[in-house]
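Chemist: the sequence and its predicted three-dimensional model are supplied below.
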Amino acid sequence: MAMIFSACAASNTDNEEEQTENNTTTSQSDETQSQEVQDETSAETQEETEIVLSREEVLVDGQTASTDSASAVYTGEPILYYQDGTDQTYGEGTADDMHTQEEAEAHTVVTITQPGTYRLSGTLSQGQIAVDLGEEADTDPEAVVTLILDDVDITCTVAPAILFYHAYECAQEPEVATATVDTADAGANILIAANSQNKINGSHVAGVYEEGSTQVQYAYDGAICSAVSMNLTGEDDATSYLSITGDGAGLESQWNLTISGGDITIHSQDNGIYTGKEEIGVATINGGNLTVNAGNSGEGNGIHSNGFLTVNGGTLWAATQDGSAGYGLYAKQGILTDGGTVYALGGKNSSILNASQQGYLEMNFEQVVPAESQVSVLNPNSEAVVTLDTESECQAITICSDALQTGEMYTAEIDGEAWDYEEYAPAQSADTSETESTFAGQDETGEELTEASDSQS
């Protein structure tokens with residue numbers, strides 16, 4: 001039996017700077033204010049750009065897409081991929097990561113170069129959507145792109161199917177790690193339209209070295225990948241559907257990633273979701289229905305965050321596949337659960353921070369739980385408060401749910417038989433909004449850290 005522990009996270013008050021404006025009565029000031037109002041109104045009423053994809057041609061607002069790189073949307077850019085016939089001086093890849101020039105040239109790249117909202121529909125069987133607003137966009141708060149997925153089907157066999165190269169990076173590197181980040185102003189945004197079915201099938205690009213060195217110049221692991229912080233949400237959790245399939249990772253942000261809605265399913269050979277900013281990148285789940293089945297290659301984690309994983313709402317199912325030793329949930333800095341429902345099944349799971357406000361149960365079994373088993377969590381009255389069915393083998397299960405009460409004792413049954421389990425080492429963090437990584441957890445290789453607390457509070 002195991003005790004459920006949950007502690008309230010420390011709250012922070014954000015101090016907002018007050019700004020004062022000096023109003024004048026001159027006609028020049030009146031004209032400036034009038035122009036500002038017109039600019040704001042124009043921005044609010046700006047129409048979105050419609051992009052219709054097909055193998056034959058790409059239409060932009062009903063017209064054949066331009067091939068001029070100065071256009072807001074154009075085609076014809078060569079795709080970035082890991083080249084065939086290269087040796088160890090080229091990059092980190094192996095023969096499995098290489099692609100021929102012929103395969104690469106068969107792909108159509110649709111490049112977006114200007115801020116705005118772009119509605120995507122149609123099918124692109126060999127192609128990529130690339131967002132590249134230029135390097136200067138990384139520090140420009142106006143460099144914001146929103147892609148609306150509205151019955152779109154994109155397949156790319158040599159690289160990510162959707163790739164944000166350059167857009168506004170809203171995050172700033174903090175002095176200490178934090179579990180809470182605000183990505184509202186992020187330059188990379190994906191919105192899943194209501195009543196739409198969307199499929200993204202993508203590949204990856206293994207690390208390519210800078211010429212003459214072994215310093216990685218670029219690497220893109222996800223079928224959907226962003227080099228800057230990214231938001232992903234849906235207009236309607238019930239009807240905004242997105243399927244992501246990756247031969248590497250499924251969904252990747254190289255800094256922060258926030259998911260706030262939609263019905264999203266991910267199948268990947270490696271990590272299902274990956275946030276790569278070392279120590280400080282945060283994966284945040286605020287809402288939606290998210291199903292992640294990862295590690296089809298025998299490697300990879302359901303969710304892999306090199307910083308924190310924070311769950312505030314929604315329903316999350318993250319699992320690795322038979323034979324995989326990966327984590328259902330891995331977060332180098334720890335997992336904070338303040339709401340929502342979480343089911344994590346894998347060879348292991350990272351620990352929940354004791355600052356989490358949601359009830360949780362962490363179970364590590366001595367034996368492997370078979371695929372297609374029914375797992376029941378029973379309260380002291382032998383009543384099942386949580387029941388789930390495993391789709392693949394696992395040895396560790398973490399559950400976070402309103403059904404689990406702090407201070408309650410629970411037992412576990414597998415297919416009606418009682419199974420003993422051990423709880424994970426507690427993860428301690430007195431203040432997850434400003435903490436250094438001195439709590440129990442795992443390093444990036446999955447090994448237990450030694451600085452573990454002896455108790456939860």
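Modeler: Yep, that arrived.

Chemist: can you give me the mean pLDDT across stretch 254-272?
Modeler: The average pLDDT within stretch 254-272 is 97.

Chemist: now it - C-alpha only, PDB.
Modeler: C-alpha atoms of stretch 254-272 as PDB (Å, rounded to 0.1, in the frame of the first residue of the first chain):
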ATOM      1  CA  GLN A 254      13.900  23.200 -28.700                       C
ATOM      2  CA  TRP A 255      13.000  25.500 -25.800                       C
ATOM      3  CA  ASN A 256       9.400  25.500 -24.300                       C
ATOM      4  CA  LEU A 257       6.200  23.800 -25.400                       C
ATOM      5  CA  THR A 258       2.700  24.600 -24.200                       C
ATOM      6  CA  ILE A 259      -0.300  22.400 -25.100                       C
ATOM      7  CA  SER A 260      -3.600  23.900 -24.200                       C
ATOM      8  CA  GLY A 261      -6.300  22.000 -26.100                       C
ATOM      9  CA  GLY A 262      -7.300  19.700 -28.900                       C
ATOM     10  CA  ASP A 263      -7.500  15.900 -29.400                       C
ATOM     11  CA  ILE A 264      -3.900  14.900 -30.100                       C
ATOM     12  CA  THR A 265      -2.500  11.500 -30.800                       C
ATOM     13  CA  ILE A 266       1.300  10.900 -31.200                       C
ATOM     14  CA  HIS A 267       3.100   7.700 -32.400                       C
ATOM     15  CA  SER A 268       6.800   7.900 -32.500                       C
ATOM     16  CA  GLN A 269       9.900   5.700 -32.900                       C
ATOM     17  CA  ASP A 270      11.800   7.800 -30.300                       C
ATOM     18  CA  ASN A 271      10.400  10.400 -27.800                       C
ATOM     19  CA  GLY A 272       6.800  11.200 -28.200                       C
END
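
Chemist: show me how far it is from its chain's centre.
Modeler: The chain centre lies 4 Å from the centre of stretch 254-272; the measure is Cα atoms, centre = their mean, to the nearest Å.

Chemist: buried ones in stretch 70-79?
Modeler: Buried positions in stretch 70-79, judged by neighbour count with 16 or more other Cβ atoms under 10 Å: Val73, Tyr74, Thr75, Glu77, Ile79. Glycine gets a C-beta too; all of them are placed from N, C-alpha and C.

Chemist: the nearest residue to the first one once chain neighbours are set aside and Asp151: what is the separation?
Modeler: Spatial nearest neighbour of Val73, chain neighbours left out: Val60 (4.8 Å); criterion: Cβ to Cβ, 6 or more residues apart in numbering. Going from Val60 to Asp151 by Cβ to Cβ, to the nearest Å gives 17 Å.

Chemist: which one of these two is surrounded by more residues?
Modeler: Val60 (20 against 15; other Cβ atoms under 10 Å).

Chemist: and the more buried one, what does it touch?
Modeler: Thr49, Glu50, Ile51, Ser66, Val73 (Cβ atoms under 8 Å, 6 or more residues apart in numbering).

Chemist: tabulate the buried residues of stretch 70-79 (a markdown table), appending pLDDT and secondary structure.
Modeler: Below are the buried residues of stretch 70-79 laid out as a markdown table (pLDDT from 0 to 100; DSSP: H, G, I helix; E, B strand; the rest coil):
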| residue | pLDDT | secondary structure |
| --- | --- | --- |
| Val73 | 98 | strand |
| Tyr74 | 98 | strand |
| Thr75 | 98 | strand |
| Glu77 | 97 | coil |
| Ile79 | 98 | coil |
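
Chemist: ok, those vs Leu120, which is closest?
Modeler: Of all these, Val73 has the smallest distance to Leu120: 10.6 Å, by Cβ to Cβ.

Chemist: wait, what's in contact with the closest one?
Modeler: Thr49, Ile51, Val60, Ala65, Ser66, Val110, Thr111, Ile112, Thr113, Tyr118.

Chemist: what of Gln367?
Modeler: Gln367 neighbours (Cβ under 8 Å, 6+ apart): Gln395, Trp419.

Chemist: assign a three-state SS to it, would you?
Modeler: strand (DSSP: H, G, I helix; E, B strand; the rest coil).

Chemist: that older thread, and which of the contacts of Val60 is nearest Gly340?
Modeler: Ile51 (33.3 Å).

Chemist: doesn't that closest one belong to a strand?
Modeler: Yes - counting by three-state DSSP, Ile51 falls inside a strand.

Chemist: may I have the beta-bridge partners of it?
Modeler: Beta-bridge pairing of Ile51 under DSSP bridges involves Val60, Leu120.

Chemist: hmm, it is touching Val58, no?
Modeler: Yes - contact criterion Cβ atoms under 8 Å: Ile51 and Val58 qualify, at 6.7 Å.

Chemist: send over stretch 403-422 as CSV, restricted to the C-alpha atoms.
Modeler: Output of stretch 403-422 as CSV, limited to C-alpha atoms (Å, rounded to 0.1, in the frame of the first residue of the first chain):
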residue,chain,number,x,y,z
ALA,A,403,-10.0,10.6,-7.6
LEU,A,404,-6.8,10.2,-5.5
GLN,A,405,-7.1,11.8,-2.1
THR,A,406,-4.1,13.1,-0.1
GLY,A,407,-3.4,11.0,2.9
GLU,A,408,-5.4,8.0,1.7
MET,A,409,-4.0,4.4,1.5
TYR,A,410,-4.4,2.5,-1.8
THR,A,411,-3.7,-1.0,-3.1
ALA,A,412,-3.2,-2.2,-6.7
GLU,A,413,-4.8,-5.1,-8.5
ILE,A,414,-3.7,-6.4,-11.9
ASP,A,415,-6.5,-8.4,-13.6
GLY,A,416,-8.1,-8.9,-10.2
GLU,A,417,-5.0,-10.0,-8.3
ALA,A,418,-3.2,-7.9,-5.7
TRP,A,419,0.3,-6.8,-6.8
ASP,A,420,2.9,-5.3,-4.5
TYR,A,421,4.7,-2.2,-5.6
GLU,A,422,7.3,0.3,-4.4
